[in-house]
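# Need coordinates for the following:
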Amino acid sequence: MLSKFAAPALITRIATLISGSAGANLIVLLATPVLSRLYSPDSFGMLALFVSISAVMGTVMCLRYEQAVYLPEQHETAHKLALGATSIALVLTLLFTLACITWMHLELSSLLGSYTILLPLVGLGLALYNLMSNWAVRMEKVSDVAKTRLYRASAQVTSQLFFAMIGMLQIGLIIGDLIGRFAGITNIFRKFSRLENSANNSQPRLKNTYNALREYWRFPLISTPTALLNVAVMQSPSILLATLYSPTAAGFYFMAQRIIAAPMALMGQSVAQGYTAELASRFNQNTYDAASLFFRSAGWLLIIGAPMLLIIGLLAPELMPKLLGGDWHTAGEYILILTPFFIGQFVMSPLSTTLNVIHKQHWLFLWDLVRLACVIPSFVVAVYAGWSAEMSLLLFSCLMAGSYAVLFILISLTLKLVHKDENFRSP
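Down below sits the predicted model:
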């Protein structure tokens, strides 16, 4: 059945990556009923705020060159891109650290306090993991990527349980998340370093790296603002709920994300990595074939995701208190409210890389800009109107679902225009 929707090579990549994601999510989900009884919703709300801000930092640290590593025809060029992106990430980590120190000195970090200094380090872990895992997928080391996801989940959960047992309830979730970000990446980075050391040292390494970065200049100049807008939209609910309502409301939202959205996002990342690599190969040969892959992949994701997420959403209000404890009933209501958003995200988030592959990043930027302009003010308006956190999230969910429908139409029309332009230019 799956062969009707995608090429066998794509299915193999996705299946291997999803197996790692499924195992990692199983570890986290099995530990969640224990963690939810050890840590309060308020503690999870602080973790949500910490993760959201660090995610914004991590998104820009590699200037989106982690997405460019799929595109070069030569593996050597992709390797130089990854090397240059690593150097950029280290420099930006230093700059973000200085900014956080200044922020703390001015006493502006009232919610996170002294933990603010850890934000750039967590962002670096996120950025380097995405970069190295994308490089490994390109090099067909998908089994290594799957294993790292298991290592990361195990390290995160073990650390958080340990810190709870020794009474570090204020910082345990945050430190555990930090440990999990870096766990598992060493194996891929070691292979990356061996390849770098085995390269021909007679080549002007610095110049080649610079040339590789310059060739894909659209990613830092166009894709980075686009990704920053996207992550701002995705992470804004946690930040706004924590600041406009309470950390407890952000904790409920974070738990809804952990139970539903996080597993779906990791599966989506697995699909995106396999899909992007396959799409780049097809687009270089035949734009019609690339469009066919997009439509079939969208149909496949919708058929799988929509019924599953709808059933989970309807059952969540009754199941969450039994699963997580009596304090977490509101998290079940949040899951139901966010179901339209979850469905749209599951289908379209993995396929949004299509516009990067066909060099139409500016359309993705405009889409994210309009979405941000609609979503964030909606929370502010809801607060001033006296709406509850649940009503604010319902408005957010509907707006996000509509934005993903617009994205599908935008990509469809762009692929058709690219194909017509190709036919026009053909002799």
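# List the residues that contact residue 304.
Residues counted as contacts of residue 304 (Cβ atoms under 8 Å, 6 or more residues apart in numbering): none. The way it works is simple: take the backbone N, C-alpha and C, and place the C-beta from them, glycine included.
# any idea which helix or strand carries it?
helix 287-324 (DSSP states H and E).
# next structured bit after that helix?
Beyond helix 287-324 on the C-terminal side, the first helix or strand identified by DSSP H and E is helix 329-337.
# quick one: contacts of the very next helix or strand once past that next one?
Using DSSP H and E, the helix or strand that follows helix 329-337 in sequence is helix 339-348. Around helix 339-348, the neighbours that count as contacts under Cβ under 8 Å, 6+ apart are 260-261, 264-265, 267-268, 298, 301-302, 305-306, 309-310, 312-313, 396-398, 400-401, 403-405, 407-408.
# hmm, back to that, by how many degrees do the helix holding residue 304 and helix 329-337 diverge?
Using axes from the mean of the first three to the mean of the last three Cα atoms, to 10 degrees, one finds that helix 287-324 and helix 329-337 are set 160 degrees apart in direction.
# what is the orientation angle of helix 287-324 with helix 339-348?
For helix 287-324 against helix 339-348, the angle by the same axes, to 10 degrees is 140 degrees.
# buried sites along helix 287-324?
Buried positions in helix 287-324, judged by neighbour count with 16 or more other Cβ atoms under 10 Å: 287, 290-291, 293-294, 297-298, 300-302, 305-306, 309, 312-313, 316-317, 320, 323-324.
# does residue 232 really touch residue 55, like I thought?
No. Contact criterion Cβ atoms under 8 Å: residue 232 and residue 55 do not qualify, at 9.6 Å.
# looking at this protein, which helix or strand is least sure?
The weakest-scoring helix or strand in the chain, judged by mean pLDDT, DSSP states H and E, is helix 262-283 (a mean of 70).
# got any ranges where the stretch 301-427 of the chain has weak pLDDT?
When the per-residue scores of the stretch 301-427 of the chain are filtered using pLDDT under 70, the ranges that remain are 419-427.
# Torsion angles phi and psi at the nearest residue to residue 37 once chain neighbours are set aside?
Closest residue in space to residue 37, ignoring its immediate chain neighbours: residue 325 at 5.1 Å, by Cβ to Cβ, 6 or more residues apart in numbering. Note on residue 325: backbone dihedrals following degrees, to the nearest 10 are phi 120, psi 160.
# who's in contact with residue 325?
Listed by Cβ under 8 Å, 6+ apart, the contact set of residue 325 reads 33, 36, 37.
# could you flag which of these are buried?
Buried residues within the contacts of residue 325, defined by neighbour count using 16+ other Cβ under 10 Å: residue 36.
# Out of the contacts of residue 325, list just those in helices.
By the criterion of DSSP state H, membership of the contacts of residue 325 in helices covers 33, 36, 37.
# Going by distance to residue 154, which of those wins?
residue 33 (17.1 Å; Cβ to Cβ).
# Buried ones in the host helix or strand of residue 399, by neighbour count?
According to DSSP H and E, residue 399 maps onto helix 389-425. Judged by neighbour count (16+ other Cβ under 10 Å), helix 389-425 contains these buried residues: 389, 392-397, 399-401, 403-404, 407-408, 410-411, 414-415, 418-419.
# Any chance you could list what contacts stretch 175-187?
Contacts made with stretch 175-187 from outside it, assessed by Cβ under 8 Å, 6+ apart, are listed as 47, 50-51, 118, 121-122, 125-126, 128-129, 132, 144, 147-160, 162-163, 168.
# send the alpha carbons of the helix or strand hosting residue 370 over as CSV?
In this structure, residue 370 sits in helix 361-384 according to DSSP H and E. What follows is helix 361-384 as a C-alpha-only set of coordinates in CSV (Å, rounded to 0.1, in the frame of the first residue of the first chain):
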residue,chain,number,x,y,z
GLN,A,361,11.8,30.4,0.4
HIS,A,362,10.3,33.9,0.1
TRP,A,363,6.8,32.5,-0.1
LEU,A,364,7.3,30.5,3.1
PHE,A,365,8.6,33.7,4.7
LEU,A,366,5.5,35.6,3.7
TRP,A,367,3.2,32.8,4.9
ASP,A,368,4.9,32.7,8.3
LEU,A,369,4.8,36.5,8.6
VAL,A,370,1.1,36.7,8.0
ARG,A,371,0.6,33.8,10.4
LEU,A,372,2.6,35.5,13.2
ALA,A,373,0.7,38.8,12.6
CYS,A,374,-2.6,36.9,13.2
VAL,A,375,-1.7,34.5,16.0
ILE,A,376,0.2,36.5,18.6
PRO,A,377,-2.2,39.5,18.7
SER,A,378,-5.0,37.1,19.1
PHE,A,379,-3.7,36.1,22.5
VAL,A,380,-3.3,39.7,23.6
VAL,A,381,-6.8,40.6,22.4
ALA,A,382,-8.2,37.6,24.2
VAL,A,383,-6.6,38.6,27.5
TYR,A,384,-7.9,42.2,27.2
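# tell me the angle of it relative to helix 389-425?
Using the same axes, to 10 degrees, helix 361-384 lies at 170 degrees relative to helix 389-425.
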